[in-house]
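> structure of the sequence below:
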Amino acid sequence: MIFENITLSIIFLFIISVLLVFGYYQNKSNAIFSENNFNPNFLNSLFKDGNFQFIRFKKILIYLSFFMLAFSISGLKMGTTVRPVERKGIDIIFCIDVSKSMDAEDINPSRIDKVKFEINKIINELSGDRIGIVVFSGSNFLYLPLTMDYDAAKLFVKSIDTDMISLNGTAIAQALDTSINSLSKDDKQEKMIFLFSDGEDHSNDSIEAIKSQLTDDVTIHVIGIGSVAGSLIPVSTAESKAFLKDSSGELVMTKLDEKFLINISEIGKGNFLRVSGNESVSDPIINIINTGEESLISSYEFSDYDYKYQYPLFFAILFLFVSYILPTGNRRIWKYFW
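Numbering: from 1, shown residues only. Okay, the predicted model is just below:
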């Protein structure tokens, strides 16, 4: 589903909203039904046969008709056919650390927000590559299977936060295993994993586990997120901003474990990049992707789009018609509401 004239639709809704707000404040300023302005006997006679519920419902119908009309103006189109397509590209998995340490603010505005910003920039430069997302903390899961739908991918990236997984920890080895298993099994297809993490993995056997998972057709590139000096981990409370404490009541300091992450990149025959400030890694990552050996990738997409503006237009006319024929009882009060 796509919109061909979304800008025109937004302008229309803005104009209607301005008119409605203007009308609301104008009616409010008139205060025509204030008990101070009218005799109670006059009000009783005025509303004797009137029905406030019908009047309110008529207004709602008219507002809905405006909305449906804007929807129609937007040029709604929907794909009527799904067809297989083949494009040249590579398979990419973004493996993203969503543990609580990624809330640290040694990188502005936070580590996790910086990761999301960089990945969005990368997606905007892709063409023909399939991308997927694995998120991990103490556990992990495939958040977005391989797809060429970049708009959908950016929506998934936007929703990523450190509350996605309740189990605390940073199980990198298991996350990389999920990432590898989420990639194509085609040996001729080049595959890349981009690991975004601060490297605070507290497992003793992570390196050996990663070594046992690797295959020759998968390259692991690692992006270290955070500063070596470290930072406290903010937590939200009802009263004010606080910082995470351990079981003994001491403040938790999170630091980039650069040595561990470099070790992973060497095992994975990839590159190591670091983000410890305002620097961007999107361009180097795009360069890495562009140097990959592209091959044909099969996927599916909608084709043969048809205009569907007539459906919201029909409901717009229907709502206006119903609002016109809907009884309001005493017609004398209608002019005060509309």
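> from now on I want contacts and neighbour counts done on CA atoms only, so please keep to that.
OK.
> quick check, N108 in a helix?
No. Going by DSSP: H, G, I helix; E, B strand; the rest coil, the assignment for N108 is coil, not a helix.
> 32 is where my numbering starts, stick with that
OK, 32 is where the count begins now, so the last one is N139.
> what is the neighbour count of it?
Other residues within reach of N139, judged by other CA atoms under 10 Å, total 13.
> ok, now E281?
Count around E281 with other CA under 10 Å applied: 10.
> how far away is it from I127?
27 Å (CA to CA, to the nearest Å).
> so where do the helices sit in the stretch 132-281 of the chain?
Using DSSP state H, counting those that start in this stretch, the helices assigned to the stretch 132-281 of the chain run over residues 142-156, 181-189, 203-213, 237-244.
> got the contact list for the shortest one?
Residues from elsewhere that reach helix 237-244 (CA atoms under 8 Å, 6 or more residues apart in numbering): 203-204, 207-208, 211, 294-295, 298.
> rerun at 6 Å
The contact list for helix 237-244, computed with CA atoms under 6 Å, 6 or more residues apart in numbering, reads A204.
> that helix vs helix 203-213, what angle?
Orientation check (axes from the mean of the first three to the mean of the last three CA atoms, to 10 degrees): helix 237-244 against helix 203-213 gives 20 degrees.
> in helix 237-244, what's buried?
Neighbour-count burial for helix 237-244, counted by 16 or more other CA atoms under 10 Å, picks out 237-238, 241.
> out of those residues, the closest to L349 would be?
I241 (61.8 Å; CA to CA).
> ok, now how distant is T250 from R305?
18 Å.
> no wait, D208
Where R305 is concerned, D208 sits at a distance of 23 Å (CA to CA).
> and the two? Which one has more around it.
R305 (21 against 16).
> pull the contacting residues for A347.
96, 99-100.
> same thing but at 8 Å, please
95-100.
> repeat for E136
Contacts of E136 by CA under 8 Å, 6+ apart are 142, 262-265.
> for those residues, pick the one with the most neighbours.
Counting by other CA under 10 Å, R142 has the largest number of neighbours within these, with 27 neighbours.
> that one reaches S258, doesn't it?
No. With contacts counted by CA atoms under 8 Å, R142 stays clear of S258, the gap being 9.8 Å.
> I153 reaches I316, doesn't it?
Yes. Using CA under 8 Å, I153 is in contact with I316, at 7.4 Å.
> ends of stretch 253-272, what's the gap?
With CA to CA as the measure, the ends of stretch 253-272 fall 31 Å from one another.
> can you list the residues that contact it?
Residues contacting stretch 253-272 (CA under 8 Å, 6+ apart): 131-132, 134-138, 142, 146, 225-230, 273-275, 282-289, 292-293, 295-296, 301-308.
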